[in-house]
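*Asks:* Curious how this folds, go ahead:
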Amino acid sequence: MVLDIRVRLANPPVELVAKYTRKEQGFFMDYARNVLELLSRQEVQGLLEQLINMEGIRSYGLVDLRVMIFPARPLNGRPRSMLHGSYNHDSSQISLYPLKMPRDWIRKIGYELFKIPVGNLSDEARKLFREIQVSCLSTLVHEVLHVKFSDSGMSRYVEEAIVRKLEKKHIQEWKMELEDLLVS
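*Replies:* Sure thing, here's the model as predicted:
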């Protein structure tokens with residue numbers, strides 16, 4: 001069976017939502033909606049289907065793709081090692097997390113990033129917007145490739161090296177294909 005993916009916004013726990021200010025909540029909700037919109041675009045869906053077919057990715061059920069609203073906690077207590085995505089083989093679930101942004105920046109100016117039309121954004125804001133889009137797509141490709149190798153029996157390190165190499169190849173193709181869709 002070819003890979004079947006359902007994309008949705010995750011429902012964060014109430015105690016996690018309470019850790020963020022109203023501006024931060026609004027920013028990350030707008031961020032997640034923007035990512036969901038990007039992933040739902042026909043062009044992205046077409047490239048995802050090509051990736052799945054080209055790589056021969058199979059699944060025995062529906063893959064639940066959750067767009068997470070808040071950033072993941074740091075891995076292993078290391079603040080620089082942020083998780084952007086994960087694939088849980090047991091629950092057949094991919095999670096995409098937003099980039100971690102400085103809280104002060106969000107509260108002062110960042111909360112407006114997704115409220116201003118892209119054409120009216122500063123060069124710096126447009127660059128960040130593109131970084132968000134590319135990070136989202138790279139993470140999606142990366143995690144979908146993990147689905148391919150989920151039953152391979154390879155060590156995690158070997159699998160990760162292969163996935164990263166394939167991700168780099170595919171995301172370069174995606175960036176060229178989606179140039180008009182991505183913010184410049």
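*Asks:* low pLDDT regions in this protein?
*Replies:* Within the chain, the stretches with pLDDT under 70 are 1-3, 74-83, 184.
*Asks:* switch to 50 and redo it
*Replies:* 1, 81 (pLDDT under 50).
*Asks:* Quickly find the element holding the residue most central in space within it.
*Replies:* Of all residues in the chain, the one closest to the mean position by C-alpha atoms, centre = their mean is residue 136, 3.2 Å from it. Here residue 136, judged by DSSP states H and E, is contained in helix 123-149.
*Asks:* likewise residue 31?
*Replies:* Residue 31 belongs to helix 22-40, assigned by DSSP H and E.
*Asks:* quick one: that helix to chain centroid distance?
*Replies:* 11 Å (C-alpha atoms, centre = their mean, to the nearest Å).
*Asks:* follow-up on the earlier one: show me which positions of the following helix or strand past the helix holding residue 136 end up buried.
*Replies:* Sequence order places helix 156-177 as the next helix or strand after helix 123-149, per DSSP H and E. Buried residues in helix 156-177, defined by neighbour count with 16 or more other C-beta atoms under 10 Å: 159, 162-163, 166-167, 170-171, 174-175. Any C-beta I mention is one placed from the backbone N, CA and C, and that applies to glycine too.
*Asks:* Could you do stretch 98-110 as well?
*Replies:* Of the residues in stretch 98-110, 98, 100-101, 106, 110 count as buried by neighbour count, 16+ other C-beta under 10 Å.
*Asks:* follow-up on the earlier one: convert the C-alpha atoms of the helix holding residue 31 to PDB, please.
*Replies:* Provided in PDB are the C-alpha atoms of helix 22-40 (Å, rounded to 0.1, in the frame of the first residue of the first chain):
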ATOM      1  CA  ARG A  22      -1.400  35.600  24.700                       C
ATOM      2  CA  LYS A  23       1.000  37.100  22.000                       C
ATOM      3  CA  GLU A  24       3.100  34.000  22.000                       C
ATOM      4  CA  GLN A  25       0.000  31.800  21.700                       C
ATOM      5  CA  GLY A  26      -1.200  33.900  18.800                       C
ATOM      6  CA  PHE A  27       2.200  33.800  17.100                       C
ATOM      7  CA  PHE A  28       2.500  30.000  17.300                       C
ATOM      8  CA  MET A  29      -1.100  29.400  16.300                       C
ATOM      9  CA  ASP A  30      -0.600  31.600  13.200                       C
ATOM     10  CA  TYR A  31       2.700  29.800  12.600                       C
ATOM     11  CA  ALA A  32       1.000  26.400  12.700                       C
ATOM     12  CA  ARG A  33      -1.900  27.500  10.500                       C
ATOM     13  CA  ASN A  34       0.700  28.900   8.000                       C
ATOM     14  CA  VAL A  35       2.500  25.500   8.000                       C
ATOM     15  CA  LEU A  36      -0.700  23.600   7.600                       C
ATOM     16  CA  GLU A  37      -1.700  25.800   4.700                       C
ATOM     17  CA  LEU A  38       1.700  25.300   3.000                       C
ATOM     18  CA  LEU A  39       1.500  21.500   3.500                       C
ATOM     19  CA  SER A  40      -2.000  21.500   2.100                       C
END
